[in-house]
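> Kindly return the folded structure for what I paste below:
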Amino acid sequence: MALSSRQLFGAGRAGQFCGGAVVGPRTVVTAAHCFGHEVLGSDWHVVRDLRVLAGRADLHSTTGREVRLHDVWINPSYDDRTNAGDIAVVTLAQELPRRWAVPLATAADREAYRPGRRARVYGWGDTTGHGTYATVLRSAEVAVMPDQRCAQAYPGTAEGVYTAASMICAGDPRGGRDACQGDSGGPLVADGRLIGLVSWGTGCGEAGHPGVYTRVSAFASAVAEQL
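Numbers count the residues shown, from 1 in each chain. Just a heads-up that it's a prediction; the model follows:
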């Protein structure tokens, strides 16, 4: 699904600016930073046309549903300096079909986080790294990386600090496969479960700099409380 505001981001791509995942009839998870002032320029509730677009692959179409936001829970431990805890839960004003929901990974889903595990990331973000944004939902297959490699790639930079307890990283060691700008909050799925949310990284698809994702299993209990 996509987060949308035509007021802020124009009508050309239905106002899409972030991604997310439907996890319940009235519940969506996304990245906390999607609701930050750097993205919206104000508090989220001030943006009158903020919507969730669900069941729509082509942003130029009218398929699926456009639903208003009823409430947003932003992880109180989210740190915008390190990017730790980058998760938010959106409660929708109307229900979506249950079949659109993807199961959340929990602490029991260790195999889904095993280094080398193939996963797929989805989004409408930049496809070139130079501002060419997709209008139709795209996906890329990436591999979950060992925490040691992630920590070596991001020991503490201006972009953030890799923290294994609340993050995972994934990509292709040779580069070329990654999420990018506009994909923030989008789902990383493995074994049919939501294991990550697009969070941050250096560049897009750069060798040696895999994408960093919020580790969904670390927040499964907190998300469940919002369902």
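
> And the next helix or strand past the helix or strand harbouring residue 72?
Element membership of residue 72, judged by DSSP states H and E, is strand 65-74. Counting by DSSP H and E, the next helix or strand C-terminal to strand 65-74 is strand 88-92.

> CA atoms only for that next one - export them in CSV, please.
Below are the C-alpha coordinates for strand 88-92, written out as CSV (Å, rounded to 0.1, in the frame of the first residue of the first chain):
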residue,chain,number,x,y,z
ALA,A,88,4.6,3.5,13.0
VAL,A,89,1.1,2.0,13.0
VAL,A,90,-1.8,3.6,11.1
THR,A,91,-5.4,2.9,12.2
LEU,A,92,-7.7,3.4,9.2
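
> Could you measure from the residue positioned nearest the centre of the chain over to residue 152?
Among the residues of the chain, the one closest to the centroid is residue 185, at 1.8 Å (CA atoms, centre = their mean). For residue 185, the distance to residue 152 equals 26 Å [CB to CB, to the nearest Å]. In short, each C-beta sits where N, CA and C put it, glycine included.

> Repeat that for residue 127.
Computed with CB to CB, the distance linking residue 127 and residue 152 is 27 Å.

> Check residue 109 too.
Going from residue 109 to residue 152 by CB to CB gives 25 Å.

> between the two, who's got more neighbours?
residue 109 (19 against 12; other CB atoms under 10 Å).

> That one: what's it in contact with?
191, 193, 195, 217 (CB atoms under 8 Å, 6 or more residues apart in numbering).

> what's the distance between stretch 9-23 and the middle of its chain?
Distance of stretch 9-23 from its chain centroid, counting by CA atoms, centre = their mean, to the nearest Å, is 12 Å.

> Please disregard the earlier target; I meant stretch 42-58.
Its chain's C-alpha centre and that of stretch 42-58 lie 14 Å apart, by CA atoms, centre = their mean.

> Could you do stretch 127-144 as well?
Worked out by CA atoms, centre = their mean, stretch 127-144 lies 13 Å from the chain centre.

> Excluding sequence neighbours, find me the nearest residue to residue 222.
By the measure of CB to CB, 6 or more residues apart in numbering, the closest residue to residue 222 outside its immediate chain neighbours is residue 75, 6.9 Å from it.

> separation between the one you found and residue 86?
Taking CB to CB, one finds residue 75 at 8 Å from residue 86.

> joint contacts of the two?
With CB under 8 Å, 6+ apart as the test, residue 75 and residue 86 both reach residue 32.

> Tell me how many other residues crowd residue 16.
So residue 16, with other CB under 10 Å, has 26 neighbours.

> confidence score at the nearest residue to it once chain neighbours are set aside?
Counting by CB to CB, 6+ apart, residue 2 is the residue found nearest to residue 16 once chain neighbours are left out, at 4.4 Å. Note on residue 2: pLDDT of 98.

> What ranges does this protein have for its helices?
6-9, 37-40, 147-153, 220-224 (DSSP state H).

> tell me which residues in the first one are buried?
If I follow you right, that is helix 6-9. residue 9 (16 or more other CB atoms under 10 Å).

> Do a quick rundown of the strands in the protein.
Secondary structure of the chain (DSSP state E): strands at 2-4, 16-19, 21-24, 27-30, 51-54, 65-74, 88-92, 118-123, 138-144, 167-171, 187-190, 193-200, 211-215.

> Done for today, thanks.
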